[in-house]
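Trainee: need a structure here:
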Amino acid sequence: MSPPQQSEPSAFVREELERALAEQSFGISSFELMSSSPLKAAARVVLLEGNPVVISLTSRGFQLQSPSEAPMDPDHDSETVFETIEQLLQTVSPRYESARRGALLSKLESLADS
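Mentor: I've put the predicted structure just below:
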């Protein structure tokens, strides 16, 4: 029996960033991977407000690379590292949280209808 297919170590960070952003498709307009290395990946993300930002992922977590293009919570600076993509998006996108609630409600309603 062969071992399960695993990503190359050099692609792990890129694939993890892509997966995290794809899971948040309800709360962002679009994203495009820009660069990646074995230790860091970056993507250009267009928020629901229309603002483009650059988000990176490293072993430390998710980080906003272009805070000047997005409204930032004054309690966070560009050095802030977020444990989850959700935390970062809640900080930079006022419309993200309402989109997240709407997606959750929709899923709950579809479960109730089943």
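
Trainee: tell me the contacts of E16?
Mentor: 41, 57 (C-beta atoms under 8 Å, 6 or more residues apart in numbering). (C-beta placed from N, C-alpha, C; glycine too.)

Trainee: Go over the secondary structure and confirm it is in a strand.
Mentor: No - under the criterion used here (DSSP: H, G, I helix; E, B strand; the rest coil), E16 is helix, not part of a strand.

Trainee: Let me see the confidence value for it.
Mentor: Looking at E16, its pLDDT is 96.

Trainee: ok, it to E97 distance?
Mentor: Separation of E16 from E97 (C-beta to C-beta, to the nearest Å): 23 Å.

Trainee: How about S110?
Mentor: Taking C-beta to C-beta, one finds S110 at 21 Å from E97.

Trainee: I'd say R14 and M34 touch.
Mentor: No - the pair R14 / M34 is not scored as a contact, 10.1 Å apart, by C-beta atoms under 8 Å.
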